[in-house]
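Q: Kindly generate the corresponding structure for this input.
(one chain, ligands or ions: 1)
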Amino acid sequence: MYIGEIKEERQVMHEFKYKGDELFCEDVGIGGIAAAVGTPFYLYSHRTLLDHYRKIREAFSEINPLICFSMKSNSSLAVLTALVKAGSGLDVVSGGELFKALKVGCDSKKIVYASVGKTEREIENAIKAGILFFNVESLPELALIDKVSGKLGRTVDCTLRANPDVDPHTHKFITTGKAENKFGLDFKTVEETFGNSCRYPHVRLRGIHIHIGSQITEAEPFRKAIAKVGSLIAKIRKGGARIDWLNIGGGLGIIYRKEHPQSAERFAKAVIPLIRKLDVRLILEPGRFIVGNSGVLVAKVTYVKKTRSRNFVIVDAAMNDLIRPSLYDAYHEILPVIRKPVRRKMLADVVGPICETGDFLARDRKLPEFRSGELLAVMGAGAYGFTMSSNYNSRPRSAEVMVIHGRFYVVREREKYDDLVKGEAVPRELR
Ligand code: LLP
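A: Numbers count the residues shown, from 1 in each chain. This next block holds a predicted model:
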């Protein structure tokens, strides 16, 4: 078998497949796109994107949840527009994300806003925009929302983010629902706050929000968290307050390597019975599940450097483009864009040109013997790829391209050197 061959089950997961020896995105050859656009670039499949959105929508259709795509995972206007047009709402975490959400025409009543550090200005703008809920993460934040809302003569709807203290069995940096994490309020505080809600006359508390982590491959941690929240909701209702909504956040895992994540259907089957018992409207905030396998990062081999101890495939993409391997030691499969079945294999690291040992896209991989000028695709790069990219080493950020109905479109131009100095000034005193 060819190294990196797409597994049978994976083939149904996304639209990046070989036709002959060339890797295609839907019906478009990636080699041709690279020749037209240059490298590196992110490449998205519109069909895969919508397919994943619909999978989750259909799996939960019997309880008609509000799905708010978590735009921290990918906030390209083209991606957002495609999802919003398909009916998705958006989960935002900053004034900038709210700006983009409104820019793509998302109905403000489908926007929920989380973040432990919402500023007064961000709160004011979100209230003026008429978002559905703030997911409130602390009491000082609730007090500030109440104050701003009063000043604007409004009453705003909020949910309280509860920290259910469960272990989602994922990377420690993307675990968010354990007691020691900075997110949410402990259950006692949530219950007391619903009891004291008259202290916040310009706020209407409508429900509970949880988000326990990301890249979670099993339903059990979700079930545990929902069960815990269930008893909390019962207590709150006993105290006389209403709970209409439960937001269970995002976190559904995808296949990067050999994971066996639950399908949307299996996840839905596991949690719907619990939700039904609670008599609430459900909100889901998936990010990675929808966009992760809808995108790849295409790069070109600059050099192949063989040292006595290691082989390095040096490419023109780097940790500034895709930081997940450096930051989380995340695994992304590497596939040649044009495969050469007779090529020998070699053990190599795939690295970028950045001046850090941590600048790698893959380590210790058995790969075909790449040659300079050849293209490769870093798979599963649609979520937390471009959104976490930076200009480190003064590298212009890469282009983004989307294949839609058999054609490709540049949906974000590659940055130019001029963009690297945009807004900078050198005071006269320094000259
Ligand atoms: N809702 C909230 C409140 C969140 O904090 C997150 C992600 C999501 C939804 C979406 O989670 P998803 O469905 O995508 O797992 N940069 C990391 C992931 C950080 C996730 C942060 N919060 C990575 O590259 O793996």
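Q: Return the residues of the stretch 51-200 of the chain in contact with the ligand.
A: 70, 72-73, 91, 114, 174, 176 (CB under 6 Å from any ligand atom). For every residue, glycine as well, the C-beta is placed using N, CA and C.
Q: Let's see that with 8 Å instead.
A: 70, 72-73, 91, 93, 114, 135, 161, 171, 173-174, 176, 183 (CB under 8 Å from any ligand atom).
Q: Phi and psi next, for the nearest residue to Asp419 once chain neighbours are set aside.
A: What sits nearest to Asp419 in space, not counting adjacent residues and going by CB to CB, 6 or more residues apart in numbering, is Pro396, at 6.3 Å. Pro396 adopts backbone torsions of phi -60, psi 140, taken as degrees, to the nearest 10.
Q: Likewise for Ile111?
A: phi -110, psi 130.
Q: which of the residues in stretch 287-302 are buried?
A: Going by neighbour count (16 or more other CB atoms under 10 Å), the buried part of stretch 287-302 is 287-301.
Q: Sort out which one of those lies nearest Gln215 for me.
A: Nearest to Gln215 among the buried residues of stretch 287-302, counting by CB to CB, is Arg288 at 6.5 Å.
Q: thinking again about what came up before, identify the farthest-apart pair in the residues of the stretch 51-200 of the chain next to the ligand.
A: Spanning the widest gap among those are Asn135 and His171, at 22.4 Å by CB to CB.
Q: So if I had to pick from the two, which one is more boxed in?
A: When Asn135 and His171 are compared for neighbours, Asn135 comes out ahead with 27 against 14, by other CB atoms under 10 Å.
Q: Helices of the stretch 151-300 of the chain, start to end?
A: Using DSSP state H, counting those that start in this stretch, the helices assigned to the stretch 151-300 of the chain run over residues 187-195, 220-238, 264-278, 288-291.
Q: Pipe the ones you listed into TSV and attach mean pLDDT per row.
A: Output for these, formatted as TSV (pLDDT from 0 to 100):
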stretch	mean pLDDT
helix 187-195	97
helix 220-238	96
helix 264-278	97
helix 288-291	98
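Q: most neighbours per residue, which of the ones you listed?
A: Counting by mean count of other CB atoms under 10 Å, helix 288-291 has the highest mean neighbour count of the helices of the stretch 151-300 of the chain, with a mean of 29.
Q: Mind checking the pLDDT average for stretch 364-379?
A: The pLDDT scores in stretch 364-379 average 97.
Q: so how far is that stretch from its chain's centroid?
A: Computed by CA atoms, centre = their mean, to the nearest Å, the separation of stretch 364-379 from the middle of its chain amounts to 26 Å.
Q: Give the buried residues for it.
A: By neighbour count on 16+ other CB under 10 Å, the buried set for stretch 364-379 is 365, 367-368, 370, 374-379.
Q: Looking at those residues, which is nearest the ligand?
A: Ranked by distance to the ligand (CB to the nearest ligand atom), those are led by Val378 at 13.3 Å.
Q: Would you mind extracting the C-alpha trace of stretch 173-184 into CSV?
A: The C-alpha trace of stretch 173-184 is given here as CSV (Å, rounded to 0.1, in the frame of the first residue of the first chain):
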residue,chain,number,x,y,z
PHE,A,173,-4.4,22.9,26.5
ILE,A,174,-7.8,22.4,25.0
THR,A,175,-9.5,21.1,28.1
THR,A,176,-11.9,23.8,29.3
GLY,A,177,-14.4,22.3,31.7
LYS,A,178,-12.3,21.3,34.7
ALA,A,179,-12.4,23.2,38.0
GLU,A,180,-8.9,24.5,37.5
ASN,A,181,-9.6,26.0,34.1
LYS,A,182,-10.4,29.7,33.8
PHE,A,183,-13.8,29.2,32.2
GLY,A,184,-17.3,29.5,33.6
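Q: from what I can see Val116 touches Thr176, true?
A: No: taking CB atoms under 8 Å as the definition, Val116 is not a contact partner of Thr176, at 10.2 Å.
Q: what do these two both touch?
A: Common neighbours of Val116 and Thr176, counting by CB atoms under 8 Å, 6 or more residues apart in numbering, are Phe183.
Q: Please identify which of the two sits among more neighbours.
A: Neighbours were counted for Val116 and for Thr176 using other CB under 10 Å; Thr176 has more, 21 against 14.
Q: show me the contacts for that one.
A: Going by CB under 8 Å, 6+ apart, Thr176 touches 183, 211-214.
Q: now do Ile226
A: 210, 246, 248, 271, 274-275, 278.
Q: what sits against the closest residue to Arg237 other than its chain neighbours?
A: Distance criterion CB to CB, 6+ apart; nearest residue to Arg237, sequence neighbours excluded, is Ile243 at 6.2 Å. Counting by CB under 8 Å, 6+ apart, Ile243 touches 194, 206-208, 233, 236-237, 278, 280.
Q: and which of those is nearest to Tyr256?
A: Minimum distance to Tyr256 across the contacts of Ile243 is 30.7 Å, recorded for Ile208 (CB to CB).
Q: Looks like the closest one contacts Val229 (just checking).
A: Yes: contact criterion CB under 8 Å: Ile208 and Val229 qualify, at 5.7 Å.
Q: Rank the helices and strands of the protein by mean pLDDT and give me the bottom one.
A: helix 8-11 (a mean of 37; mean pLDDT, DSSP states H and E).
Q: Could I get the phi/psi values of the residue nearest the centre of the chain?
A: For the chain, the residue nearest the mean C-alpha position is Ser73 (2.1 Å; CA atoms, centre = their mean). When read as degrees, to the nearest 10, the backbone of Ser73 gives phi -80, psi -30.
Q: Enumerate every residue touching whatever residue of the stretch 301-431 of the chain ends up closest to the ligand.
A: Closest residue of the stretch 301-431 of the chain to the ligand, CB to the nearest ligand atom: Tyr384 (3.2 Å). Contacts for Tyr384 (CB under 8 Å, 6+ apart) come out as 72-74, 287-288, 324.
Q: Closest to Pro261 out of those?
A: Arg288 (10.0 Å).
Q: out of the buried residues of stretch 287-302, who's near the ligand?
A: By CB under 8 Å from any ligand atom, the members of the buried residues of stretch 287-302 lying near the ligand are 287-290, 292.
Q: Compare the helices of the stretch 151-300 of the chain and report which one is nearest to Val104.
A: Smallest distance to Val104 across the helices of the stretch 151-300 of the chain (CB to CB): 14.5 Å, for helix 288-291.
Q: Could you single out the nearest of the contacts of Tyr384 to Pro140?
A: Checking the contacts of Tyr384 against Pro140 with CB to CB, the nearest one is Lys72 at 22.9 Å.
Q: pLDDT score for the residue nearest to the closest one when sequence neighbours are not counted?
A: Nearest non-adjacent residue to Lys72, counting by CB to CB, 6+ apart: Val93, 5.7 Å away. Per-residue confidence (pLDDT) for Val93: 98.
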